[in-house]
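Predicted structure and sequence below. I'll ask about it afterward.
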Amino acid sequence: MKKFLLLTLTLLFYHALFAQNIQVSGVCIASPVTLTQTGQENGKPLYQGVGTVNGNAGVGIAIFWDPNENLWFLAYNGQPYFSSPANTSVPPGTASTNFSWSTVAGQTCTGASPLSVTGNVALWVTFGSIDAHVKGDNLHVNWTTEKEVNNDHFEVEASTDGEQFVTIGTLKSKAENGNSDITLNYEWTGKAGMSLSVLPYLAFVLILLLFVRRKKTMLLATVAISFVAFIQVSCKKDKDSITDAENYYIRIAQIDKDGTKTYSKVVRVNGE
């Protein structure tokens, strides 16, 4: 009996400590309601709670993903009232200018305050301008953000065709605690002679070094890195060289603290 009570208390403590919650309010919801993650539905988290909606108490409120419609739904008693097309790992938050919740056709739900969805939600960065150009032997990438929420860092990605991208650099967010409502300016600089065709192999070798300890394996890995470096130098002016600016594209990936990722627009690298 004691073991059972101890297990129950442990589970309750775990649930209280790690449960992922969402708070919804506004429109026809009388007062803020907490939705708790109760499981997974269609491969994404399901959130449920009870509140007063349109003057009716005890109404079941849920947020779930519908893979057939490719939409997040906010439903009352199983009837969707709001939807969002943002294909995120968790429901989108209303504090982000990148996301929107729209009223489902035929459903009426109005109130003095707009819909608010906060808590364990996706809140992405609002990008401003972005520019990439080669000056001398260096590639300069500049961008601005107009708003950042829960942002951790950025990754600079390059491509030879504008479709398949590889990461060539990272930069931490300047926003305090990852949050900002003002325009922030960023600049990343890297060598322009880098050959993108060998970047995946270089990344593999660097990762290999993290996991190997034997001298023989370390020696082979070092030789491999040297070989890759040689290829980079020899290929500096081939069709994959960033010095040939017209053949290159850049985009910025933004990564939230929870790992959620979004991208800026794609721009072509400009020469001097």
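Everything's here; your move.

quick one: low-confidence parts of the stretch 151-272 of the chain?
For the stretch 151-272 of the chain, applying pLDDT under 70 flags the ranges 193-246, 272.

need the strands for it, in chain order.
Counting by DSSP state E, counting those that start in this stretch, the segments of the stretch 151-272 of the chain that form strands are 151-159, 166-172, 184-191, 249-256, 261-263, 267-268.

Select, out of the ones you listed, the one closest to Gly119.
strand 249-256 (14.0 Å; CB to CB). (C-beta placed from N, C-alpha, C; glycine too.)

so what strands line up beside that closest one?
Its sheet considered, strand 249-256 pairs with strand 151-159 (antiparallel), strand 261-263 (antiparallel), strand 267-268 (antiparallel) by DSSP bridges.

which of those strands is buried the deepest?
Counting by mean count of other CB atoms under 10 Å, strand 151-159 has the highest mean neighbour count of those, with a mean of 20.

got the angle for it vs strand 184-191?
When axes from the mean of the first three to the mean of the last three CA atoms, to 10 degrees is applied, the directions of strand 151-159 and strand 184-191 differ by 40 degrees.

Where does Ala75 sit: helix, strand or coil?
strand (DSSP: H, G, I helix; E, B strand; the rest coil).

show me where pLDDT drops low in the stretch 1-150 of the chain?
1-19, 96-98, 123-124.

If we use 50, what do you get?
4-18 (pLDDT under 50).

Would you reformat the strands paired with strand 249-256 as a markdown table and include distance to Gln48?
Shown next, in a markdown table, are these (distance: least, CB to CB, whole Å):
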| stretch | distance to Gln48 |
| --- | --- |
| strand 151-159 | 29 |
| strand 261-263 | 27 |
| strand 267-268 | 43 |
